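1. Let me see the structure of the following:
(one chain, ligands or ions: 2)
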Amino acid sequence: MRKQRIVVKIGSSSLTNDKGEIDQQKLNDHIHALAALREANHEVILVSSGAVAAGFRRLGYSSRPVTLKGKQAAAAVGQSLLIQTYMEKFSVYGITAAQLLLTRDDFSNRERYRNAYATMTELLERGILPIINENDTVSIEELTFGDNDMLSALVSGFIHADQLIILTDINGIYSGNPRTNSSAVKYDFLDEIPNEMIEAAGTSGSKVGTGGMKSKLMAAKTATMIGVPVFIGHGNGHDKLLQVLQGSGDGTYIAGHAKEHINTRKQWIAIHSESMGKLYVDKGAEEAISHHGSSLLSAGVLRISGTFEKGDVVQVYGIHELLGKGEICCSSVELQKAIEDHMENERITPSIEAIHRDGWVSVQKIGEELS
Ligand SMILES: Nc1ncnc2c1ncn2[C@@H]1O[C@H](COP(=O)(O)OP(=O)(O)O)[C@@H](O)[C@H]1O
Ligand SMILES: N[C@@H](CCC(=O)OP(=O)(O)O)C(=O)O
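-> Numbers count the residues shown, from 1 in each chain. Ligands and ions are numbered 1, 2, ... in the order given. Okay, here's the model as predicted:
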């Protein structure tokens, strides 16, 4: 099998018990399977939940805390315990692990995004196994990834993974929550994730998990849009992850949608950047950027709104709807002047480039994920 880059996400319910302890048996099983992936020469990135679940008891709580400070303090205790355990267990297989704690800002801030990408690449090139979690102790509740399912999807896109494997306490996606609906049937393979399926999916089945199947489906939708196929399920033993790659895993496979990976710059523009303004374009420009892969010139821009500088990201609207997002090549002042000059004397005014094709992401390409 060719060398692949695999992101494995493990949920709290698959790492800890209800009492707030790391479940050594469950963890040993995962470590064994992750080591088997490495032995088969694959690159492995682990997104591990479990900090809050592994820390609350030592902090003095009898169950998972509900207050923000309780969760953040539990994560501070639990993350240290988790990483210490991972380091010890991986070292038995000669694997060095590294801890990366990320926040949403690390993705939305372009410089930090580039830095995180460079660090991750360096770690992988040097044979290190990165273990990622959200930096819970400093994350502001409104500005989190939501959960580690989404974090694992974003990480998979970011490093152009070949496969995202989401390990949980159930063997795949069902038509309803099988814990409450005994007639729910399992899907072995999904070509796409309809919005109705996300709406119908249930929340967590355990006392320690957070998002349930709903958040896994949302994450899978994002990952597959960026071009990363997803597996959601579980399994046992040394071969459980290798079996996923061989197509015989115990869970649900979801096909990757984009024909090719969307490059990191375009992913940042599409998913993480904040739009600083809007451009409204005429029919000719809409046709050129949406169907011919052309750059957008000022001659096709009818009007603009917002104040932006060269390098900012703007949304572009056609006659009826949002067409996409792009990195602007000039400031709003320069573009406004070019539009006005063009109106005054269409023939002699040269167009300026508003958005280069390499900095453009269309709605067609990344669909509803475009924020
Ligand atoms: N449609 C569904 N298919 C499968 N599981 C579902 C569904 N709806 C809700 N669930 C629940 O989602 C749970 C897994 O999510 P969660 O508890 O958040 O796990 P994790 O800790 O691995 O993130 C399952 O145990 C199950 O009870
Ligand atoms: N960052 C949190 C995990 C939050 C989370 O998404 O948990 P889970 O639903 O178990 O994957 C922690 O480590 O406790």
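
2. what sits against Leu217?
-> Listed by C-beta atoms under 8 Å, 6 or more residues apart in numbering, the contact set of Leu217 reads Ile173, Ile193, Met197, Ile198, Ala201. Where C-beta positions appear, they are placed from N, C-alpha and C, glycine not excepted.

3. Among the residues you listed, which one lies nearest to ligand 2?
-> Of all those, ligand 2 sits closest to Ala201, with 13.3 Å by C-beta to the nearest ligand atom.

4. That closest one and ligand 1, how far apart?
-> Ala201 is 5 Å from ligand 1, where distance means C-beta to the nearest ligand atom, to the nearest Å.

5. Am I right that that residue is in contact with Ala220?
-> No: Ala201 is beyond contact range of Ala220, at 10.7 Å (criterion: C-beta atoms under 8 Å).

6. Please say which of those two ends up with more neighbours.
-> Between Ala201 and Ala220, Ala220 has the larger neighbour count (other C-beta atoms under 10 Å), namely 29 against 21.

7. re the thing from before, most widely separated two among the contacts of Leu217?
-> Ile173 and Ile198 (10.5 Å; C-beta to C-beta).

8. okay if I get the contacts of Leu217 as a markdown table plus secondary structure?
-> Listed next are the contacts of Leu217 as a markdown table, based on DSSP: H, G, I helix; E, B strand; the rest coil:
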| residue | secondary structure |
| --- | --- |
| Ile173 | strand |
| Ile193 | coil |
| Met197 | helix |
| Ile198 | helix |
| Ala201 | coil |
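
9. returning to what we had before: ok, Ile173 and Ile198, which is more surrounded?
-> More crowded of Ile173 and Ile198, by other C-beta under 10 Å: Ile173, with 23 against 16.

10. Count the neighbours of the residue nearest to that one when sequence neighbours are not counted for me.
-> Excluding its sequence neighbours, the residue lying closest to Ile173 (C-beta to C-beta, 6 or more residues apart in numbering) is Thr252, at 4.3 Å. Applying the criterion other C-beta under 10 Å, we find 24 residues in the vicinity of Thr252.

11. Just grab the bridge partners of Thr252 for me.
-> Per DSSP bridges, the residues bridged to Thr252 are Ile232.

12. Quick check, it in contact with Ile232.
-> Yes: counting by C-beta under 8 Å, Ile232 is a contact partner of Thr252 at 5.2 Å.

13. can you list residues touching both of the two?
-> Counting by C-beta under 8 Å, 6+ apart, the shared contacts of Thr252 and Ile232 are Gly172, Ile173.

14. so what secondary structure elements neighbour the helix or strand hosting Met343?
-> Following DSSP states H and E, the helix or strand that holds Met343 is helix 332-344. If you count contacts as 3 or more C-beta pairs under 8 Å, 6 or more residues apart in numbering; DSSP states H and E, helix 332-344 packs onto strand 301-306.

15. Just give the nearest non-adjacent residue to Leu151, would you?
-> Closest to Leu151 by C-beta to C-beta, 6+ apart is Phe145, at 4.3 Å.

16. wait, isn't that neighbour in contact with Ile132?
-> No: checked against C-beta under 8 Å, the pair Phe145 and Ile132 is beyond contact range at 10.6 Å.

17. list the residues that contact both of those two?
-> Leu151.

18. now the closest residue to Gly235 other than its chain neighbours: how far from Pro65?
-> In space, and not counting its chain neighbours, Gly235 is closest to Asp250: 4.6 Å by C-beta to C-beta, 6+ apart. Between Asp250 and Pro65 the computed distance is 33 Å (C-beta to C-beta, to the nearest Å).

19. again with His234
-> Taking C-beta to C-beta, one finds His234 at 27 Å from Pro65.

20. same question, Val230
-> Counting by C-beta to C-beta, the gap from Val230 to Pro65 is 30 Å.

21. Mind checking which of the two has more residues around it?
-> Each of Val230 and Pro65 has its neighbours counted (other C-beta under 10 Å); Val230 has more, 31 against 20.

22. Next, the contact list for that one, please.
-> Listed by C-beta under 8 Å, 6+ apart, the contact partners of Val230 are Ala153, Gln163, Leu164, Ile165, Ile166, Ala219, Ala220, Ala223, Thr224, Tyr253, Ile254, Gly256.
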